[in-house]
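Colleague: Got a sequence here, can you build the structure:
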Amino acid sequence: MIYTVDNIAAYCYTGGKPFNAGQPTAVFIHGAQNDHSVWALQTRYFAHHGWNVLAVDLPGHGRSGGAAKATVEELARWILAVLDAAGVPQAMFIGHSMGSLIALEAACQAPERVSQLAMLGSTYPMTVSPALLETSKNDEQAAIDMVNIWSHSSIAQKPSFPGPGFYAMGGARRLKQRISAINPDHVFHTDFYACNAYANGEVAAASIHCPALFIFGTRDMMTPPKSTRLLVSAITHGKVVQVDAGHELMAEQPDAVLDALYAFAATKPAFFTKTT
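Modeller: This is a model prediction of the structure:
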């Protein structure tokens, strides 16, 4: 589905189902140098089990137009504008990595718009090393390869991998390469810069009162579990779920992630309806 935000196309994948105003809505927000497709299993299931799905392509990524935005605050405002364009008063926000910071900031900017907050592969501060920032600007393919290795728990496909015929590392690499081909204007560097520069995370986390969920990969090298203490301690009511995966946990453990998200969705408060 294509919406118009600031006169620019904003693409949202709906899980193959039409929008139903009588259902609650889940907004899925991808991470750096990715697009909506990283949520393939989770979004399809939600869409076919009583939820509207808006899995966005962030500006400059995938099918959404415009330049990639340079700050988490701008991206949060954009996400809220997507809700306006879709006519959605309130939604559950689900974000991965950079997307988790966007979801967090959106919940801080407009708490009445966010019924629940799920943060996957998240941490704060989300520091990016100067070397990786520099590489992402000057040698994007090298940065893609570095991050792809660090984002998975193993370079070898697990024998019990839940998606037969699907190569997690190869798929993640090709997706990042595709984003580069679609938009060669240093999207990876812009995304990393936004993560590294975001400074409102602790304040935003302290403002969260809606139901909250953290899903962490026990083998995550990009946002290791030990780095999440500040964020978790700031959202004391948040539930923590750990899965046996690296940073790309939605691909490595899609069923475990889906189970955690859908169980969390069942805790939703009464659906918000706009009054006239």
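
Colleague: for residue 57, what are its contacts?
Modeller: With contact taken as CB atoms under 8 Å, 6 or more residues apart in numbering, residue 57 is in contact with 10-13, 30, 35-36, 63-64. Backbone N, C-alpha and C define where each C-beta goes, glycine included.

Colleague: what about residue 122, helix or strand, and which?
Modeller: Using DSSP states H and E, residue 122 sits within no helix or strand.

Colleague: With residue 245 instead?
Modeller: Using DSSP H and E, residue 245 maps to neither a helix nor a strand.

Colleague: Settle this for me: it is touching residue 221, isn't it.
Modeller: No: Residue 245 is beyond contact range of residue 221, at 11.2 Å (criterion: CB atoms under 8 Å).

Colleague: Between those two, which is the more surrounded one?
Modeller: residue 245 (27 against 14; other CB atoms under 10 Å).

Colleague: follow-up on the earlier one: list just the nearest of the contacts of residue 57 to residue 175.
Modeller: residue 35 (6.9 Å; CB to CB).

Colleague: gap between the closest one and residue 180?
Modeller: Note on residue 35: its distance to residue 180, by CB to CB, to the nearest Å, is 12 Å.

Colleague: In the stretch 151-276 of the chain, what residue spans correspond to helices?
Modeller: Using DSSP state H, counting those that start in this stretch, the helices of the stretch 151-276 of the chain run over 168-182, 187-197, 201-206, 229-234, 249-252, 254-265.

Colleague: closest one to residue 25 among those helices?
Modeller: Among the helices of the stretch 151-276 of the chain, helix 254-265 comes nearest to residue 25, with 10.9 Å by CB to CB.

Colleague: if I look at the closest residue to residue 180 other than its chain neighbours, how far off is residue 194?
Modeller: Nearest residue to residue 180, sequence neighbours excluded (CB to CB, 6 or more residues apart in numbering): residue 140, at 5.6 Å. Residue 140 is 16 Å from residue 194, where distance means CB to CB.

Colleague: still on that earlier bit, would you format the helices of the stretch 151-276 of the chain as CSV with mean pLDDT included?
Modeller: Shown next, in CSV, are the helices of the stretch 151-276 of the chain (pLDDT from 0 to 100):
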stretch, mean pLDDT
helix 168-182, 94
helix 187-197, 98
helix 201-206, 98
helix 229-234, 96
helix 249-252, 93
helix 254-265, 96
